[in-house]
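Participant: heads up, no residue letters with this:
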């Protein structure tokens, strides 16, 4: 492998992070560059404890078999972990000829795949994790000093790319978790970029925007149906995004044809705006006063309510009256009033409005 081929391989490597499916293709090129039949990347949480592995294209079965049956007893990696980080070592550097002849890994597993020589290096990745990069080939010939050198040259780049890959996967996982959590919230939540474009909208917000009743998206920006509301909304958004001065909180009401107005609150969330960072500059909270409460009786167990008391509390929080609840449940109004008094006692409240406010605040996620 000459210098041009080496640089090309390094460039290819840095295209891989974040794409799990791209690693086998790179490892195939890595093995070919070192005139090898196989290649592996293994992530360890300690000696012989494999957490993750990738191999050349088409060798998944062998990789799975190794991790399942042989990784824990692999003397080569156990000894490699005691050597200097990034230093390339071959099988014959790590085991004697007699050990190789008696080693189940070599005689049972590697022999089946016609593998006799390994060239590998390991490095730490942080958090107690290490990774090992290795190439393997048949009994044709041992690895040369030049190949040792190329493995040691490439190994730090593999370390950096793998570290970036893990960071991207972690960030992606966290983002997906946050999005899933925000989708569970009853209120609409929209994140805006510095230019006002919508970066994210949770499920409740998407439902309102898709209905196009009052608010909608126009060229991926929040807009209102009525001209007057549109003007007020744009002014509030400009204030929250710092278009007219320091970024400040703002609010707007948007009328709609089929219900009470939507209340939108905008709050700046990033003091430093970097257009290249794709960072949200403001958050918009959308309150739909006509949304049916998703309060569940089980969520009121914190107050020590019985099931019957919880059902009344949910009905009142949803806007129902004592008389309507009594009629719907077949209870007398006096029985319902007695239950309400018990709710007051358990929550140290004295008025129905105070009770409902307490219940809604305790169950409000934002």
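Facilitator: On my side now, so go ahead. Everything quoted here is computed from the prediction, not taken from an experiment.

Participant: Please confirm that residue 286 is located within a helix.
Facilitator: No. Read with DSSP: H, G, I helix; E, B strand; the rest coil, residue 286 is strand and lies in no helix.

Participant: excluding its backbone neighbours, what's nearest it?
Facilitator: residue 188 (3.1 Å; CB to CB, 6 or more residues apart in numbering). Every C-beta, even on glycine, is put in place using the N, C-alpha and C of the backbone.

Participant: For that neighbour, grab the count of nearby residues.
Facilitator: Applying other CB atoms under 10 Å, we find 24 residues neighbouring residue 188.

Participant: What distance do you get for it to residue 153?
Facilitator: 53 Å (CB to CB, to the nearest Å).

Participant: Let me know the next secondary structure element after the helix or strand of the chain with the lowest mean pLDDT.
Facilitator: Least confident helix or strand, the chain: strand 49-55 with a mean of 67, by mean pLDDT, DSSP states H and E. The helix or strand immediately downstream of strand 49-55 is helix 60-65, counting by DSSP states H and E.

Participant: buried sites along that next one?
Facilitator: Within helix 60-65, the residues that count as buried by 16 or more other CB atoms under 10 Å are 62-63.

Participant: name the helices or strands packed onto whichever helix or strand comes after that helix?
Facilitator: For helix 60-65, the following helix or strand on the C-terminal side (DSSP H and E) is helix 75-80. When contacts are defined as 3 or more CB pairs under 8 Å, 6 or more residues apart in numbering; DSSP states H and E, helix 75-80 packs onto helix 91-94, strand 117-126.

Participant: what mean pLDDT does helix 75-80 have?
Facilitator: Mean pLDDT, computed over helix 75-80, is 86.

Participant: cool, and stretch 151-159?
Facilitator: 93.

Participant: Name the residues that touch the helix or strand where residue 353 lies?
Facilitator: Taking DSSP H and E as the criterion, residue 353 maps to helix 352-363. Residues from elsewhere that reach helix 352-363, judged by CB atoms under 8 Å, 6 or more residues apart in numbering: 295, 299-300, 302-303, 313, 316-317, 340, 343-344, 347, 349.

Participant: Could you list which of these belong to helices?
Facilitator: Of these, the ones assigned to helices by DSSP state H are 313, 316-317, 340, 343-344, 347.

Participant: Restricted to buried residues, select these in PyMOL.
Facilitator: Applying 16+ other CB under 10 Å to the ones in helices among the contacts of helix 352-363 leaves a buried subset, and the PyMOL line that selects it is:
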select buried, resi 313+316+317+340+343+347
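
Participant: Of the ones in helices among the contacts of helix 352-363, which is the nearest to residue 168?
Facilitator: residue 317 (42.8 Å; CB to CB).

Participant: pLDDT at residue 115, what is it?
Facilitator: For residue 115, the predicted pLDDT is 85.

Participant: How about the contacts made by it?
Facilitator: For residue 115, the contact set (CB under 8 Å, 6+ apart) comprises 37-38, 136-138.

Participant: Would you mind checking these for buried ones?
Facilitator: Buried subset of the contacts of residue 115 (neighbour count, 16+ other CB under 10 Å): 37-38, 136-137.

Participant: And the residue nearest the centre of this protein?
Facilitator: residue 173 (1.7 Å; CA atoms, centre = their mean).

Participant: Low-confidence stretches in the protein?
Facilitator: For the chain, applying pLDDT under 70 flags the ranges 46-53, 56-59, 270-278, 292-295, 363-366.

Participant: Strands of that one, start to end?
Facilitator: Remark: strands assigned in the chain by DSSP state E are 38-46, 49-55, 89-90, 117-126, 129-137, 188-192, 198-201, 215-218, 221-224, 250-254, 262-268, 282-287.

Participant: Could you provide those strands in a markdown table, with additional columns for distance to residue 24?
Facilitator: Below are those laid out as a markdown table (distance: least, CB to CB, whole Å):
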| stretch | distance to residue 24 |
| --- | --- |
| strand 38-46 | 9 |
| strand 49-55 | 6 |
| strand 89-90 | 23 |
| strand 117-126 | 18 |
| strand 129-137 | 14 |
| strand 188-192 | 35 |
| strand 198-201 | 32 |
| strand 215-218 | 40 |
| strand 221-224 | 41 |
| strand 250-254 | 51 |
| strand 262-268 | 44 |
| strand 282-287 | 40 |
